[in-house]
Structures are given as structure tokens and as C-alpha cells.
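Novice: pasting a predicted model and its sequence here:
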Amino acid sequence: MEFESRYEISRTAEFIRGGNFTKAALQFPDELLKDSVRIVSSLRDELRRVGESDAERDGNAKDASLFVMADTAYGSCCVDEVGASHVGADCVVHYGHACLSPTSKLPAFYVFGKAPMSVSDCVKNLVDHAMTSGKPVLVLFGLEYAHLIQNIREEVVEACESRPQLEIQFAEVLCSEMNPPDKQNICNQGMVPAGILTDDKSFETLPGTRYGIGGLVWKLREGRKMEDSLLFWIGSDNSAFANVVLTFNGCEIVRYDATENCMVTDFSQQKRILKRRYYLVEKAKDANIIGILVGTLGVAGYLRMINQMKELTAAAGKKAYTLVVGRPNPAKLANFPECDVFIYVSCAQTALLDSKEYLSPVITPFEAMLAFNSRTLSVPHQLKLNISSTRDTQWTGAYVMEFRDLITSSLTESRSHSKEARFSFLQGGYVEDFDNQENDEEDEEGALALANATEKALQLRDTANSLVKRTVKSGAEFLATRSYQGLEIHNKNSLPEPYLKGRSGRAAGYLDEKSEKENF
Amino acid sequence: MVKFTGEELRKIMDVKHNIRNMSVIAHVDHGKSTLTDSLVAAAGIIAQEVAGDVRMTDTRADEAERGITIKSTGISLYYEMTDEALKNFKGKKEGNAYLINLIDSPGHVDFSSEVTAALRITDGALVVVDCVEGVCVQTETVLRQALGERIRPVLTVNKMDRCFLELQVDGEEAYQTFQKVIENANVIMATYEDPLLGDDQVYPEKGTVAFSAGLHGWAFTLTNFAKMYASKFGVDESKMMERLWGENFFDSATKKWTNKNTGSLTCKRGFVQFCYEPIKLLINTCMNDNKEALWPMLRKLHITLKSEERDLTGKALMKRVMQTWLPASNALLEMMIFHLPSPATAQKYRVENLYEGPLDDAYANAIRNCDPDGPLMLYVSKMIPASDKGRFFAFGRVFSGKASTGMKVRIMGPNYVPGEKKDLYVKSVQRTVIWMGKKQETVEDVPCGNTVALVGLDQFITKNATLTNEKDVDAHPIRAMKFSVSPVVRVAVRCKIASDLPKLVEGLKRLAKSDPMVVCSIEESGEHIIAGAGELHLEICLKDLQEDFMNHAELIISDPVVSFRETVLEKSCRVVMSKSPNKHNRLYMEARPMEEGLAEAIDDGRIGPRDDPKVRSKILSEEFGWDKDLAKKIWCFGPETTGPNMVVDMCKGVQYLNEIKDSVVSGFQWASKEGALAEENMRGICFEVCDVVLHADALHRGGGQIISTARRVIYASQLTAKPRLLEPVYLVEIQAPEQALGGIYSVLNQKRGHVFEEMQRPGTPLYNIKAYLPVIESFGFSGTLRAATSGQAFPQSIFDHWDMMPSDPLEAGTQAAIRVADIRKRKGLKEQMTPLSEFEDKL
């Protein structure tokens, strides 16, 4: 496939021209960085060509300058608005896989790339599966295959003519161009609505429930549930697919791998993930100190979400600290051993971190809500939380990845003091939460935590010796329980320490270790 | 008809010298529940005629069905004693009314935790031993526990009827058997003797041993017979009692007592002559329906039968006659009242076993004096499901003060630490209840020395707790119970229908409450786990969960899962090193196996993180040959800060070492919980920090750099020290006749078990076999054994120790490697173990 069409050069130029943008930031994921130079040069040519024709018409031609952005601070699927603002760009062109999370400040244009696929093979598999399962089929796909969906649909229509009982529905791509919410017009440019095969009526007017995930949207007819459909995913096993599996964990899901040309039907690993997340929720319930990790600075509403998380943890009687560490890794987060759990506020597709390697688990805002919420949530349609009479919110398997869906849940209901203590499955018994009984003392306690803890340390004769990590409520208390609390200043000796010669050489082996190295 | 009212019962509760709290303990099938029936019958709760068949204290359907007791059941009984019966009683008493708070406990080893819970709230124990089977493994276990709690035992040799009807042994032989049983029991009691409890052995001639036939409702102590004969021989009762046991012989021809058998035909042992043979004669007469001979005998013994009873024949007649002549309740009650301590007596010496706080504070004194006006100290030892679905009574014992309806109490849970707010609630008691047979009676308050059930606290107590008055903030809790069994068998449960999850969660919560031992937890993989002491225990728990706590919701139950431990065989073959992510810090470590017995010492709490360092280094240097200075350099224990692994600092003169100690400890806690082989807990490994190289800038040697490095270097040192798997092993005791031995041996061989002791019980055709059996092979063992021995062998298994699997898990194809692969697969880990090169770095 030729270069220009793969990277949709002309449409990109149209977008930049059409919006009268003067500075465009081109954001590349690592794997596409190698093509960036060619893209920029051909885009510049294209812009110039269009510009000349425009200039002939209205005479106010101005050149748009292009900037290449790489190595984004957070996930490469999100638009890096902060990075773009550094050069003062007024729009972003995003290349490669995208999560299509709404932007907050800058308009964005997405180029998904066009991955090749054998359409006929895919259609054959799709029809076969639809035949055997007997369920209505919903086709979802990786965005890199969006350009082929029209072809697939046509072939399916053809194949289905002889079998009218088949019901195959296609999801459609939300948009390829995104404007920040204040402009209020998310347009549907360039993408033909998918429509419903069996029912050729207009998509928008059809009554039904609208669903969306990772930039794909579709509608189900009234009275039909997601659980009734077979989900057919076209694309690779990436985080977008993992999201689909988790969110619609009640559905039967099959995947067509376009690069291997084969069907994958075994998802026990993904099901395991769901159970593992459940464990993490239970673990989070036992946490006392929470770290809120800022995982995005671009996705619309992230600030609101962070504040909501703060309120949530405060209401649950836990202490929260907000941390900005860029893309999290085990070494970074292990610098905060006082945090029992981290909440990672980020776009849906980077939110799931397998925290096996982390000292403390990393959970999503949805999981945090499950763990810390003691009040009734009024939740979006697909999210059914069973609120039992106790203060535990029980999880029934429904899962929400996008935190935007959570913001809508209202938190107005008053908090009821429940009668029962919380049962911890990690400890196999009742545990009390601090807030449960002494809400009023909370503030005073927090401020005096260190003093109180030290006082206690003096009372208990063996605290100094024991390295038992006692339950602590705040970072200050945690510090108080550590055996090393920072530099020890010896007041009696005011003389400066003698001057010592340090090590020299490289970390791989300092000079004074040379001899040792030979021993190994 | 119940012979007492709630008011009477409540009144007697104030008379602390007239209360006896006692539990009935024994090996399975030695007749506890049956014997208890006769006591219950004497209090009029069930009819005398059916006593022995009803098994009143087996309240659950499955208990009745299986014929074994599963839950311990408490019952308060009220007796009016006659002056005549009490005339020899020397202890303190007020009036002749007595309150017996009796707890019948299960005998199967899987339910030992129920026994533990029962013992905590009683002061005396009636040890029941089958006269034929003798002292069995569970008899020993429960006796040991009882003595550990400073519970005074009395013994009854039960199933006497077997001697007369089944075995037809003659008097001397029977005496020898009984003597042996008592001797065996005394050996155990002497082993666990406690100086404060004094001489805890039992002697028939002192009246602390009874002989009973629970099924037929009769029993006697030597006192009964001594009373009968004392006047006849013109000696006092105590003298007579001595003659009725031991080396005292009576020659009926010469009417002379001697100290040894004269060899004359008419010379018989006192016991045989005056106790055994009269009973034997009476029983035989009844059994043969020889009524002409019977009536004069009965007249002589002052036994009067009702007219309709005179028409009975055979066994029924015998039962009736014996019940009237030697009612079990009289003998047992007398033994309890005379020889078991009242709460007022018992709490004097039990206080130091019970109270965690200083023994001279107000609470300790109140317990010691059993002071009803003192501060409330109440220990909840178990939760009993109420008829109201999903609710529980908190069942326990008031040690001091009074528990009353509506009072606000401080609930101190098992994790409560004085001075902190953890695991502490203040709630009010809705009702105080006492058990009167089948029904419960609500009372205004319950004073100290009694058992009580509390309503309204079940949402704050998981299994046990200490309750005090709301204002007594300085009270320390009562010591937690120590169980003799541990939950080693585990299954994963999940719902068939995903939306039933909340039901499952609620059900598990209730299950956790309903049983003192069961542990409901969640695995890393997100599976709900139920852990119990044995197969039977789990079976009962799962049944309860499904039927009682989840309304028959469908469950999927995994095969039993056994947890393993990871250990090392030798010292690491070299010092291993790992670098921090930034490559600026290096940790050098070695692993070595702990000295034999050290891991067990840590398990028992003899060595632990809260020790006085001096005491610790003394134990370590004297018992385990550690260097005294080294003992002071233990950084921590793990996992969970108390486990049987440790980190020891062996470095010399390293800068900033104190700074990274916390980080290394965190990394060690993490690593020792999930070992390198299969993420099972580590056990018995000592990690030595040999050297560290740290970055000069504090910023670059923070937790982020050190914690994961410590974990990696620990794994590397584990892998270089010949890692091995440990598997849990049961001690199995089997009792069977000789012809079943072949079957037992073949089943044991097939299951990788090995016999280490085989002993014939003297005077019986029964053999006692003790064997070790890996827990993982034990599933279905009982069934297979029954099948192979046509039901003659009945095993009792109890977790005994961890056994090292000899094969190398790192070598593909070995048994240990297969086991590791299985565990990894179940946990959803990568099939291949992470290789050493991932953990160890090169300079």
C-alpha cells in the first residue's frame, strides 16, 4: 500500500487547512517513529500544494509549521496535549493506535494506519461462527482495520443473502477527529455509519441502547442485552481487546487474528485477569493509605476524577496522596512503601496494570469505587452494582474501564452508618475501619499522628525492636514506625567530619572493586 | 418434664460455689453424647427411658445421621442434691442446688477446634474412655489441651456393658483392662502436669474415676459401693473405697482382707468381689429373664420397679433395673460436684493462663476472685447459628462482673492491641440468653462463672473476642485460644451463576463465624478459598455453606488444594549478587537452611519478633548453636513478620546499612510469602546479608531501588541453595483388628504412607497403628481404607509436620518438578520457573 494513503496525508492536510491551524504537533508512538520524517515531508508538500491553490482563491496563505512529538509521558494511545502545548501547537495529529479518549484543550486528528487483512478469509470465519453459535453477532475491530470494515460488510451482505436468519451487526468508529468538549461538536467525519444489516433503517433513529468502548459505538435494539450477543473481534490481542473482554465479561467472545488468519476462542487468561482484579478490589478494601497516580494530563475530566477519588478515599476514612510519576513502573512506586494501594487515573487502555511486579497493587478508579464506596451509586446502565445491606459494595462482575462513565455516577446520597463491621477476606475476619467510629477525631489525629505514634513507641517496651508493620493511617505515622527515619544528627559533636575520599569509577564496578571482580 | 424453671436457674447462677462448668471430651465414638444424655435426663429435659438413644446434644440433622458430634453444644442443668449425697462434701457450698453448665464436644479429630472452644469456657472435663478401646490418639490430644488450659479432669471408663454382654470377660481380666486404661490416662496427665493445678491424675479409690454404661444409663463410682458395704463391714467409707481398688483381696470363705491373692479359689480382688460380680449377676439374671431370682435381689438392693416396668424383658428390663439401681446421673454428678472445681476455685489458678495484661490490675483480680461486682470480663469462644437465618449468638463465659441486657460493651477482637483502636468496637448487648435444653431463656443478666449467649454482637465478632465494660479502656484482652489442628486442606469455591457472588460472599462470612477453625480467604488469583482441618471438616463446612448460608445456591467446588512450603537443602553454593534497577546499588546474600527445630520454635512462638533480644539470643545460642552476637543481628522474620524464615545481617562496616534495612525487610516479607519455585510460602530459610554496595546519594538508594532488589537477591540465593519443596504430612492413627492389618498396609503403601508404630492393645484383639501420610494423598483415604478392610479400620488424621520432598524441583521430570508445575498452573503463573539469571546479576 502506498505511503500516502496509509498515513492519509491528504485528509490530514485538509484537517490542518480546514481548521486554519498554524502549528500542528504530530504525535508518534515509538513503533511509527521511523516513518515520521517521511510523513512530515510529504505532509508539508501536500500542505504547500493545497495552500497554493487556496492562496490563489482568497490570498491569505500562511504556512502551518509541523512538529514531531515522540516518547510521550503517559500512554501513547492518548493525545499528549501537554507536550503539544510546549511548542504552542493548536492542533494534534495522532498516529497509530488510539484510545479515542476525549481531549480537553486541543482538537485532534487521528490517523489509525491501515493494516492489511484478507477480507474474504475474515468474512468466511465470521459467517461460519455466526452460523454455529446461532446468536446475533456483533463485530468489533481494532482501529487499524477500520478502513476495511466497509468491504467486509459488503461481503457479509452478499454471503448472508442465502441465510436470512443470520444477524450480524457492525460497530462503527466514533470519529477520526476530536474537538475539545467546549466546542461541543464531535463530528463524524469521513466514516460511513455502519448501520444494521438485517434492518436497513437509519441507525440514529432506531430505539435502543447505545454502547461504546475504545472509540467504537453501536446500538442494541430495545429489550436486547449485551449478554445475548456473540462478540467477534477483528484484530490483535492488545489492550483494546483486553478492555472489551473485561467490560463484556458476560458475553461469548471470539477473536479473528488478522495477521495470522486464524480464530482464537480460548480466553481463560483474560477471565483470570477479571478474577485477579476482584482480588485486588478485596485487597484495596484493607488499605489505609492510598496513592492516587496521575496517569494522564490530557483525557477530559481527569481532574474531576482525581478530586472524586480524593473525596471517595476521605469518605472511606483513608488517607490519600496524589502522585505524579509519569508512566508508573515498579521501581518508581516502590519509593512510596507507605501506600497500600495505588489508584491509577488514566485512559481506559493504559489503566490496567498487571501489578504482580509491584509492591502494592495498582487499581482503576472503578475498582476503587467498588472497594471504598459505602453508599449507593447511581450508575450507568451497563454497570450493575449490587448494594447489599452491609457497607460492602458487592461486585457482580460488571466492569467499567473508562472513568468518564464513573463521573456521571452521582455521589449525592448521604452516607449511612452501617451496622455491620467490614469482613476482610484477606484476613478472614472482621476488620474495623478507622472512620467507622471516630470520624470527628480524624483531623486532629492526622495532625498529631507523628507525635502520637512516638508517644506510643515509648509506651510499648518492645516497639523499637520489633519490625512489625503496624497499621498506620498516614505517611507521618509510617515514618514513625520505620527503623531509619533520616539523618541522625549527633549534637554533641559539632566538629565537621573529616574529609574522606569517595569511590571513583562507574557503577558497573568501581575502581576499588577491580580486585574483587577478578575473584568472581 | 423439665424439673426446673428459668428463675431457679438464674437464681443459682449467683451462687458461685455451686456452679460447675464442665466439658465432656473423648475420642470419637467413646460415648460422650450418649453419656451426656443421662445427665440431661436426670434434669428432666428428656425422659429417662430414652436417655442414651436421643443424643440430645446432637442437634443437627447431619450429626444424627452420621452418628457423630460435629459442633459442641452447651446446656445448663439444674439439680437439687440431697443432704445425704452431699454429707461428705468438704468444699464450699451454699444450699443443695447445683448448676452444671455442660458442654458436649465432638470427638473426631477434624473438629478439635470445637473442643478447644469448649475447654476455654469450662473449668473441669469429664474424660470418657471406652473400656475396650482404651486411650486413643484423640483422647490424648484433648487431654493435653485440657491440661494446657488448666482444666481439671475426671475420668469415666465407659461402655461397661460391652464387658458384660459382648466380651463376657471375667472379673479379674476386666479389672486389668480398666486398670490399664486408667494408667494410660494417668501417664498422659502426668506428662502435662501443671504445678498450679496440682496432682491431676485420677484414682478410682478417690472417686475421680467412674465406670459407666452410657447406652444403658447406669454408672458407678467406688463411693456407691463403699456406701453400701461400709456399714456391713463396719469401716468408714473412705477405708472401704481403698479396699475396693488395687491390691486388696477378700476371701469370702475366711472373710479376711489380704494384700495379695492367697491363691485360694474363694479369694478375689475387692473390686471383683464387691463391684463387678454383683453387677454381672444382676445383668445376667435380667438378660435371662430369670424373674424368680430377680425380685428377691431387687428387694435386697432396695430397688423398686413400677408395675409396668416389671413386665419388661431382656435388655429393656436390664436397662431399667440398672438405671434404677445405679443411675448414671448420680454417680457422675457426685463426681463432678465433689471433684471438679467451681468457677470460684478454678479462676484463682486459671487467671494467669487467661489474662494477657498485668496480673495485679483490677481485671486480673476480678477474674481471680470471680467477683460478680467487679468489672466485666467475658470471653466469647464461639458463635452459634441462631434459628433466625444468618444471625449468631456469641457464646462465651463470664469470668468476672455481670453481662446484662442492654449494656454497652467494648469488643476486643483477636487483633486488638492495647492502646490502639484496631479491632475494637463499642456496641450494646441486645439480649443475654441461657440455654435450657432445647430452648433458650432470656435473662436480665448473667453473673460471672457462667456460660452465656449474647444477641446483637454477631456483626462485630468473627470467631472470638473479649468483652469488657464500655468504660474500661485499660483492660487487656483474654488470651486467644490455641488450636491443636491447623487448616491445611483447602478448596476453592465459586458460584455457578456469576451474579450469585454477593450470596457467596455473605455465605462465606457466616461460615467463617460458625466454625472456630475454618478460614475463608481469597487467593491472589481471585479465588475464594475455604480451609479446614481435614476432609470431613471441609465436607461439613461446604454443606453448611451451601444449605444454610447460601439458600442452596449452586456452587462449583474445586478439588482439594494443599499448600506447600519452599525451603533449601544446603547453604548457597556461592554468594549471589543483584543490582538495583539503576545499577548503583548491589546486595550480596546467601541462603542456608535453619537449624533443625528452629522453624518449629518460631511456629510455637518461642522465638519471634517480639522477644526480648537477650532471651532470644540465649535460646539461639544454647539450643541451636548460634553465635551470641549473631543472634542480635536478626533483622526480621517473615512472611507476615512472624513466619519461620529470617534475615540476618552478616555485614561488617558497611555504610548506610541502617538506611536500607526497612527496604530489605519489605522485600523479604514479599519474597518469603511467594517463593521462587511456585510462589508458596518459604519455610526454614535463613538469609544472610553478606555485603552491600550503596550509592553515596540517598536519593538513589531509596525503597524503589532496594525493595525489588532485595526480593531478587533473596530469590537468587534460594535458587542457589538447592531449593526443595516441603509437603504437609498427617499423623494417622488407625485402630483395627488383626485381620484388617493387611488391607491397612497395602492402602498406606499405595498412598506413600509409612507405618512407624504398630502395637497390640493389651487384652484386646485390636491393633493400634501409627503412620505418616502425605496430606495430598489423604483425600479419599478413609473411604479406601474402609473398603480395603471391610469397614473395620477407622483412621484419625492430624497434621503433624512438613516433610521435604527429596527430589530436586529444578531438575525436569522429577516428582517435585511436576508438583511445582501443577501449582504454577493452578495459580495461573508462567509454566516455567523464572531462571536464576533473571535474579542474579554479574559484576
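Specialist: Happy to help now that I have it.
Novice: check contacts around residue 108.
Specialist: You didn't say which chain, so I picked chain A. Taking C-beta atoms under 8 Å, 6 or more residues apart in numbering or on different chains, we find A:Ala108 in contact with A:79, A:91-94, A:177-178. To be clear about C-beta, it is placed using only N, CA and C from the backbone, and glycine gets the same treatment.
Novice: my question was about chain B
Specialist: Neighbours of B:His108 in contact, by C-beta under 8 Å, 6+ apart: B:28, B:68-70, B:138, B:536, B:796.
Novice: which ones among the residues you listed lie within strands?
Specialist: Using DSSP state E to define strands, the subset of those located there is B:Gln796.
Novice: sort out for me which of the contacts of B:His108 are in helices.
Specialist: B:138, B:536 (DSSP state H).
Novice: residue ranges with poor pLDDT in the stretch 401-520 of chain A?
Specialist: For the stretch 401-520 of chain A, the stretches with pLDDT under 70 are A:401-420, A:432-471, A:487-494, A:513-520.
Novice: now with 80?
Specialist: Applying pLDDT under 80 to the stretch 401-520 of chain A flags residues A:401-475, A:480-498, A:500-503, A:505-520.
Novice: smallest gap between the stretch 701-843 of chain B and chain A, at which residue?
Specialist: Taking C-beta to the nearest C-beta as the measure, the point where the stretch 701-843 of chain B comes nearest chain A is B:Gly704, at 3.7 Å.
Novice: and the contacts of B:His108 as a markdown table, adding pLDDT and neighbour count?
Specialist: Listed next are these as a markdown table, based on pLDDT from 0 to 100; neighbours: other C-beta atoms under 10 Å in any protein chain shown:
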| residue | pLDDT | neighbour count |
| --- | --- | --- |
| B:Val28 | 84 | 20 |
| B:Ile68 | 81 | 20 |
| B:Thr69 | 83 | 26 |
| B:Ile70 | 85 | 21 |
| B:Gln138 | 83 | 25 |
| B:Leu536 | 87 | 19 |
| B:Gln796 | 83 | 22 |
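Novice: one step back: could I get the contacting residues of the closest residue to the residue of the stretch 701-843 of chain B closest to chain A other than its chain neighbours?
Specialist: On the basis of C-beta to C-beta, 6 or more residues apart in numbering or on different chains, the spatially nearest residue to B:Gly704 that is not a chain neighbour turns out to be A:Asn335, at 3.7 Å. Going by C-beta under 8 Å, 6+ apart, A:Asn335 touches B:702-704.
Novice: which of those residues fall in helices?
Specialist: Cross-referencing the contacts of A:Asn335 against helices under DSSP H gives B:703-704.
Novice: can I get the contacts of A:Asn335 in a markdown table with neighbour count and pLDDT?
Specialist: Below are the contacts of A:Asn335 laid out as a markdown table (neighbours: other C-beta atoms under 10 Å in any protein chain shown; pLDDT from 0 to 100):
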| residue | neighbour count | pLDDT |
| --- | --- | --- |
| B:Gly702 | 21 | 85 |
| B:Gly703 | 22 | 86 |
| B:Gly704 | 25 | 88 |
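Novice: by mean pLDDT, which helix or strand of chain B comes out lowest?
Specialist: helix B:83-86 (a mean of 76; mean pLDDT, DSSP states H and E).
Novice: same for the next helix or strand along the chain from it, what does it pack against?
Specialist: Note on helix B:83-86: by DSSP states H and E, the next helix or strand toward the C-terminus is strand B:97-104. Secondary-structure packing of strand B:97-104 (3 or more C-beta pairs under 8 Å, 6 or more residues apart in numbering or on different chains; DSSP states H and E): helix B:6-12, strand B:19-26, helix B:32-42, strand B:73-80, helix B:328-339.
Novice: name the nearest residue to B:Gly6, sequence neighbours excluded.
Specialist: B:Glu441 (4.1 Å).
Novice: a strand runs through the one you found, doesn't it?
Specialist: Yes - counting by DSSP: H, G, I helix; E, B strand; the rest coil, one finds B:Glu441 located in a strand.
Novice: one step back: in strands, which of the contacts of A:Ala108 fall?
Specialist: Counting by DSSP E, the part of the contacts of A:Ala108 found in strands is A:91-94, A:177-178.
Novice: quickly list what B:His734 is bridged to.
Specialist: No, residue B:734 isn't His; it's Ile. Beta-bridge pairing of B:Ile734 under DSSP bridges involves B:Ile769, B:Pro795.
Novice: wait, isn't it in contact with B:Leu773?
Specialist: No - taking C-beta atoms under 8 Å as the definition, B:Ile734 is not a contact partner of B:Leu773, at 10.1 Å.
Novice: and these two? Which one has more around it.
Specialist: Taking other C-beta atoms under 10 Å in any protein chain shown, B:Ile734 and B:Leu773 do not tie; B:Ile734 has more neighbours (25 against 22).
Novice: ok, now which ones touch the more buried one?
Specialist: B:744, B:768-771, B:785, B:793-796.
Novice: and it, how far from A:Cys77?
Specialist: 64 Å (C-beta to C-beta, to the nearest Å).
Novice: then A:Leu426?
Specialist: Distance of A:Leu426 to A:Cys77, computed by C-beta to C-beta: 33 Å.
Novice: where in chain A is the helix or strand with the lowest mean pLDDT?
Specialist: Scanning chain A with mean pLDDT, DSSP H and E, the lowest is strand A:386-387, at a mean of 35.
Novice: B:Asp445 - how many residues pack around it?
Specialist: By other C-beta under 10 Å, 19 other residues sit near B:Asp445.
Novice: was I right to think it contacts B:Gly401?
Specialist: No - using C-beta under 8 Å, B:Asp445 is not in contact with B:Gly401, being 9.6 Å away.
Novice: thinking again about what came up before, correct me if wrong: the residue nearest to B:Gly6 contacts B:Ile434.
Specialist: Yes - using C-beta under 8 Å, B:Glu441 is in contact with B:Ile434, at 5.4 Å.
Novice: tell me which element the closest residue to A:Asp63 other than its chain neighbours falls in.
Specialist: Leaving aside its chain neighbours, A:Asp63 sits nearest to A:Gly51 (6.9 Å; criterion: C-beta to C-beta, 6+ apart). Per DSSP H and E: A:Gly51 is located in helix A:36-58.
Novice: run a quick neighbour tally on the residue in chain A positioned nearest to chain B.
Specialist: Chain B sits closest to A:Lys275 of chain A, with a gap of 3.0 Å, by C-beta to the nearest C-beta. Per other C-beta under 10 Å, the neighbour tally for A:Lys275 reads 18.
Novice: does it sit in a helix, a strand or a coil?
Specialist: Under three-state DSSP, A:Lys275 falls in the helix class.
Novice: spit out the contact partners of the spatially closest residue to it that is not a sequence neighbour.
Specialist: Leaving out its chain neighbours, the residue that sits closest to A:Lys275 by C-beta to C-beta, 6+ apart is B:Gly526, at 3.0 Å. Contacts for B:Gly526 (C-beta under 8 Å, 6+ apart) come out as A:272, A:274-279.
Novice: now do 6 Å
Specialist: For B:Gly526, the contacting residues are A:275-276, A:278-279, by C-beta atoms under 6 Å, 6 or more residues apart in numbering or on different chains.
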